[in-house]
Every structure is written in structure tokens, then in C-alpha cells.
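Novice: below is the structure, and that's it, no one-letter string:
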């Protein structure tokens, strides 16, 4: 039973407790139920749970207070709140206080299973990540201790031990290289950036002519070249390479480094490897994570230099282990980040769904921003950042009272000031890490004006990020062509005329020209100037 996840359910309704216990035990979980917050805390001390599910409204101690006290006992404990009258303020407060998710009554069995399964899986992944980080820390400490021992031995060596000194210096240098590389790659949370940095560091620090990461992707039937450095031709980033009997294939199957001192004389090389990495010395090192192979590090050294040997094989073997841990961390970070983005997007959708005039607004802004980004030839990564920022650009409105958001008439000066605070609120809500760190400027600056007359920071001209300029335009266009409580929707022609008139004052000139061209082509394509349903591209 130790491997079975333990779930503690707290709800003052006995029927709800009984239902949750039956549903969750059917999924193979070990479930304990209590009917108040005090009993839940006592049960936590008696038997540490892996997940707490609590009703948000209970006599004596409500779900939020129970969550705070439970997390003071176990800071890593995930908490799911159940509520029968979810409000945006409750959701924001719950997320700020560390609650993992919340479920609204009545809930479906599928929703309950999905939330519980995802949270427990993330908890297991986080625990495994912490274990790996502890192992890495211990390994680094051992390396540091080893370096200190080598330094002591080096200082105490006599003049007659020149050869021993040279070996000690070499080992010390190797340890320093491993330590430096492991520290640098541990701070990167984008897989492409990580592999590019790793191969560049290997080339610079290990002294090889070329380096590339051949990664297993998709079904794992092919390698994909990543972080290719120093190759004159034959392989570039993104190239697909089939599995073969070459040394990369041997390293993949044997899960240990393969050293080739002279590539021109080793029959194990495939013709593709010989053509790509040359006839010097080669080394293939598997990158293994949790008993699975993620890919192979390939390095080569030209014939005019000393051939790669056992020292480089051992050194790259340790670097491959560190790289595997770093890749696991990156992938776990990506999963957790996407989960957080989806929660924020659901908050935006929930806020917009409650207002007849805002429904699907952020979705339409995201779709139009995507079209403009493609027309501007932004990279796929830049397009992804833009779509994330456009999707969440109004997240700060969850902190604006409904009586202001839905007010049918003109806002007072005080109400307008509060409404204009939503970009700053949104900037504070999103985490400053990974993809969201790059999307934060869109959320904060999508109401800045080209002439400096916008808010919240009064940026002007090129001070405004290009992504934010794009969202400013499509956000305004969608507002103009949508019904509002105080006016009907404008025709597309009239809205485009307003945007064109404000080009260079309200809107950035370049993205405005592109947007106007796209929308006018769409009007011609549909044969009318009235608003039509946006095309999903």
C-alpha cells in the first residue's frame, strides 16, 4: 500500500465524502474522509497524505484556512478546493495562496479523475526531480571535494614528479570543466537553448572541432540534429537522420560511449557519419535519463590535432549524465508551465463568458495576432510567445469588479482609473519564468500608444515591444467590431478607417500597415464590409 497515493477528503457533507471516497477508491487511491478542518489536520499528522481535497465552505474552518494550515505542515502538499459558487475573486485568492486547482459543484467524474490524476502525476514528477537534483548536488559536492584533494596533492608534489603533476592538472581541469558546464546548463529552461549551449560549451571547453546532439524525437525511429556546431556541412539543426549501424547507433543500443581514434579505419562508421564528421577521431556518448535514451552526443576532432582518447570519453560521459538531468528538468518545467498557462486562460475565459459582450474576445485577438505575426515573418518561437500573451492579455481584468466591467454607461474618472489598472494587475499575476516571462510585456503594455499617450507606463515608439504593438491593434479592432452595452458593432470598413487614421499616433506604423492589408483582403474575399466570423488559421 506504500506505493498507493493517499488522498485526504474534508467535507462537512457526509454524502459528498462517501461519493468522493467511492469514486477515488475505484481509481486505485487510498482515501480517508473527515468532516471538518480540525479533523483533517489531525489526520495529516497521523498519516501524511499525497493530496488534500476540501470543500471551500465548512463550519469552523473553511477550505482556504485549512489549505493554509495544511501547507504549513507540508509545504509541498497539493490542495484541490471544491466550491458550489465559484467566483473570480475566490479563484484568484486560491491561486495566490498556492491552491493547485479547484472544482465547481456539480462536477463530473471525468473532471474529478482528470484533476486528481494530473496533480498526483505532477507531484510524482516533482518528487523525482527533487531526487535527481539531490543526486546532482551530491555529485557536484563529490567533484568539489575531489578537486580539493587534487589541489592538495598538487601543492605537495615534488619537482621530480612532473608527469604525475601533469596528470593531476589534467584531472583538475576536467573536474572544473564538468562543474562549469553542469552549473551553466542547469540554469536554462528551454530545450533548444539548452542543447545549443551544451554543444557550444563542449566545443569550447573540451577542445573538439565539432559537436552535435542527435536527439530521439516522436516515435524514436530517427535522430534529429540539435545544437550543431563546427560542422562544415552535411548536418544542420532540425535535420532528420535514420538509425543506422554507425557509432551513434552502437552508443544508442549499448548505452555507453563509443570511441573511434581513427574514423578512416573503423568499419563501424556509417557513410553518413564519415561524410558528416570527417575522418579524424570521433566520440559518441548516449544521453540516458531514467533508463531511457534521450539521444547521443557526437563530437569529432580533426586529424591535425591529437586524437580523442579515454580522458575525453570519461569527461563526455559525465557531461552526458548532467545533460540528461538538465533535459528532464526542462521538460518538467514545460509541463508545469503549460498547466499554469491553461489555468490562467480558463480564468480569462470564465471572466469573458460572464459578459455577453466579451465572449471569446481573447480567442479572437489571439487568432488575429497569429495571422499578423506570420505576415511579419516572426519565428515560430516568437509566434508562440505572441499567442500566449494575446490569449492572456486581459488576465488582469479578473481583479476588476463586475460592476465596473459590465457598467452600461460611461465610467467615472475613478472607475476609469481602476479599469486602467488591469495591465499592471495582469503583470503581477503571471509568473516571471520561461514563456510567461517573455509574454509579460504584452500583458503589461497592450494599451501603450505609439505617441506615448497610453498606459500604464507611457511608453512611446520602439520602446513598445513589437508583440504588444500587434495586440494593441487587434484588441482595438475586435472591440470596435463587437457589440458593446453602450453601442453596436461597427462595420469592418469603419473600424479599419479609424485604425488607419490613428496609425503613427495610437498604433505602431509597421504592424498597422500589415494588419490593414490583411483585413482588407479578407473583406474582398468575403465580398462585404460587415463583420464576419474570424477564420481559424
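Specialist: Right, received. Where do you want to start? No experiment lies behind these values; they were computed from the predicted model shown.
Novice: tell me what the helix or strand residue 145 falls within is packed against?
Specialist: Using DSSP states H and E, residue 145 sits within helix 109-156. Using 3 or more Cβ pairs under 8 Å, 6 or more residues apart in numbering; DSSP states H and E, the elements in contact with helix 109-156 are helix 14-26, strand 51-55, strand 79-83, strand 101-104, helix 162-185, helix 310-353. The C-beta positions use only the backbone N, C-alpha and C, and glycine is treated the same way.
Novice: just for the stretch 51-200 of the chain, where's the confidence low?
Specialist: Applying pLDDT under 70 to the stretch 51-200 of the chain flags the ranges 85-92, 139, 143, 146-147, 150-189.
Novice: one more time with 90, if that's ok
Specialist: For the stretch 51-200 of the chain, the stretches with pLDDT under 90 are 55-60, 62-68, 70-77, 81-115, 117-200.
Novice: show me the contacts for the nearest residue to residue 401 once chain neighbours are set aside.
Specialist: Here the nearest residue to residue 401 in space, its sequence neighbours aside, is residue 418; by Cβ to Cβ, 6 or more residues apart in numbering that works out to 7.7 Å. Counting by Cβ atoms under 8 Å, 6 or more residues apart in numbering, residue 418 touches 400, 401, 404.
Novice: any idea how far residue 225 is from residue 418?
Specialist: According to Cβ to Cβ, to the nearest Å, residue 418 stands 53 Å off from residue 225.
Novice: kindly report the same for residue 71.
Specialist: Distance, residue 71 to residue 225, using Cβ to Cβ: 45 Å.
Novice: in the stretch 351-500 of the chain, what residue spans correspond to helices?
Specialist: 361-375, 380-391, 402-405, 413-419, 422-429, 434-445, 466-480, 492-501 (DSSP state H, counting those that start in this stretch).
Novice: tell me which of the ones you listed lies nearest to residue 65.
Specialist: Evaluated over the helices of the stretch 351-500 of the chain, closeness to residue 65 peaks at helix 422-429, with 22.6 Å, by Cβ to Cβ.
Novice: show me what counts as buried in the closest one.
Specialist: 422, 423, 424, 425, 426, 427, 429 (16 or more other Cβ atoms under 10 Å).
Novice: and which of those is nearest residue 475?
Specialist: Using Cβ to Cβ, residue 423 comes nearest to residue 475 of the buried residues of helix 422-429, at 11.2 Å.
Novice: what residues are up against that closest one?
Specialist: 396, 443, 444, 445, 446, 447, 455, 456.
Novice: from residue 447, how far off is it?
Specialist: 6 Å.
Novice: what do the two both touch?
Specialist: Common neighbours of residue 423 and residue 447 (criterion: Cβ under 8 Å, 6+ apart): 455, 456.
Novice: so residue 344 sits right up against residue 431, yeah?
Specialist: No. Using Cβ atoms under 8 Å as the test, residue 344 is too far from residue 431 to be in contact (9.4 Å).
Novice: which one's more surrounded, these two?
Specialist: Between residue 344 and residue 431, counting by other Cβ atoms under 10 Å, residue 344 is the more crowded of the two (21 against 14).
Novice: separation between that one and residue 366?
Specialist: Taking Cβ to Cβ, one finds residue 344 at 13 Å from residue 366.
Novice: go on, residue 400?
Specialist: From residue 400 to residue 366 the distance is 21 Å (Cβ to Cβ).
Novice: cool, residue 501 as well?
Specialist: In terms of Cβ to Cβ, residue 501 sits 26 Å off from residue 366.
Novice: which of these two has more residues huddled nearby?
Specialist: residue 366 (21 against 11).
Novice: my guess is that one contacts residue 390. True?
Specialist: Yes. Judged on Cβ under 8 Å, residue 366 makes contact with residue 390 at a distance of 4.2 Å.
Novice: so what pLDDT did the residue positioned nearest the centre of the chain get?
Specialist: Centroid check for the chain by Cα atoms, centre = their mean gives residue 334 as the closest residue, at 3.3 Å. With respect to pLDDT, residue 334 scores 77.
Novice: what do you get for the one 10 residues further on?
Specialist: Here, the pLDDT recorded for residue 344 equals 84.
Novice: and the nearest residue in space to residue 210 that is not next to it in sequence, what is it in contact with?
Specialist: In this structure, residue 210 finds its nearest non-sequential neighbour in residue 230, 3.5 Å apart by Cβ to Cβ, 6+ apart. Contacts for residue 230 were tallied using Cβ under 8 Å, 6+ apart; they are 203, 208, 209, 210, 211.
Novice: which SS class is residue 287?
Specialist: Following DSSP: H, G, I helix; E, B strand; the rest coil, we place residue 287 in the strand state.
Novice: just checking, residue 464 touches residue 448?
Specialist: Yes. If you go by Cβ under 8 Å, residue 464 and residue 448 touch, sitting 4.8 Å apart.
Novice: between these two, who's got more neighbours?
Specialist: Counted by other Cβ under 10 Å, residue 464 and residue 448 do not tie: residue 448 has more neighbours, with 27 against 22.
Novice: for the chain, name the helix or strand with the lowest mean pLDDT.
Specialist: helix 162-185 (a mean of 54; mean pLDDT, DSSP states H and E).
Novice: ok, then the element right after it?
Specialist: Moving toward the C-terminus from helix 162-185, the first helix or strand encountered (DSSP H and E) is helix 191-202.
Novice: what's the very next helix or strand once past that following helix packed up against?
Specialist: The C-terminal neighbour of helix 191-202 among helices and strands, as given by DSSP H and E, is strand 210-216. Taking 3+ Cβ pairs under 8 Å, 6+ apart as the contact definition, the neighbouring helices and strands of strand 210-216 are helix 191-202, strand 222-229, strand 292-301.
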